[in-house]
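*Asks:* Could you look at this predicted model? Sequence included:
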Amino acid sequence: MDNIKIVRLQNGEDLIGDVTFRNDETFDIYEPMVVEIDYRGKYAGLIMHHWLPLQLIKKNEIRLFPKDIIFITEPTDDFAEYYINTVERLHDMLAAKDDLKTMLDDINMDDSDSDDLIEQFDKLTNDSNVLH
C-alpha cells in the first residue's frame, strides 16, 4: 500500500484506501474504508469501517468513475499509518478466524459434545458479562 488517499464521493461519504488511477480514467481503490467523525461525545471521535460487505465479495477492491468523486486528497502521515495498521490487524483477525474454523471442523465432535461445549461457553459468557 503505497498510494493511500482520501476520496470524497458525490454522496458525501469519505473513503480511505490504496488508490490507483487507470488508463481508462477510472480509479481502483483497494481496501476501501469509510471514514466518519463522531461528534456525540465531549470529544470528536474517528470511526473507520469497511465500505464493502467482506463476507460477500472475493476481492476488497472497487472501481470508481470520475463522476462519482468530488475530490481526492492526501491523508496525514499519521492517519495513513493508522489506516495501514488497521487493515493489517483486520487481515490478521480474519486469518485467525479462518484457522479456528478449520481447527473446529477437523475436531469432528459428535452432537452431544458440541452441545456441551456450547452450554459451557454460554455459561461462561453469561457469568462474566459484568463491566467494571
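*Replies:* Right, received. Where do you want to start? Numbering: from 1, shown residues only.
*Asks:* Check the gap between residue 16 and residue 25 for me.
*Replies:* 21 Å (CB to CB, to the nearest Å). Any C-beta I mention is one placed from the backbone N, CA and C, and that applies to glycine too.
*Asks:* Tell me which of those two has more neighbours.
*Replies:* Neighbours were counted for residue 16 and for residue 25 using other CB atoms under 10 Å; residue 16 has more, 25 against 8.
*Asks:* Please determine how far the more buried one is located from residue 99.
*Replies:* Distance from residue 16 to residue 99, by CB to CB: 28 Å.
*Asks:* With residue 53 instead?
*Replies:* 22 Å.
*Asks:* all helices for this structure, in order.
*Replies:* 77-107, 111-127 (DSSP state H).
*Asks:* and the residue lying closest to residue 20 once chain neighbours are set aside, what is it in contact with?
*Replies:* Nearest non-adjacent residue to residue 20, counting by CB to CB, 6 or more residues apart in numbering: residue 28, 4.6 Å away. Listed by CB atoms under 8 Å, 6 or more residues apart in numbering, the contact partners of residue 28 are 19-20, 22, 61-64.
*Asks:* Give the buried subset of those as a ChimeraX selection command.
*Replies:* Listed next is the ChimeraX selection for buried residues among those, using 16 or more other CB atoms under 10 Å:
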select :19,62,64
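*Asks:* ok, so of the contacts of residue 28, who is nearest residue 33?
*Replies:* Nearest to residue 33 out of the contacts of residue 28 is residue 62 (CB to CB; 11.3 Å).
*Asks:* Pull the contacting residues for the closest one.
*Replies:* So residue 62 contacts 28-29, 32, 51-52 (CB under 8 Å, 6+ apart).
*Asks:* and it, bridged to which residues?
*Replies:* residue 29 (DSSP bridges).
*Asks:* Residue 69 now?
*Replies:* residue 9.
*Asks:* go on, residue 18?
*Replies:* If you apply DSSP bridges, the partners that residue 18 bridges to are residue 4, residue 30.
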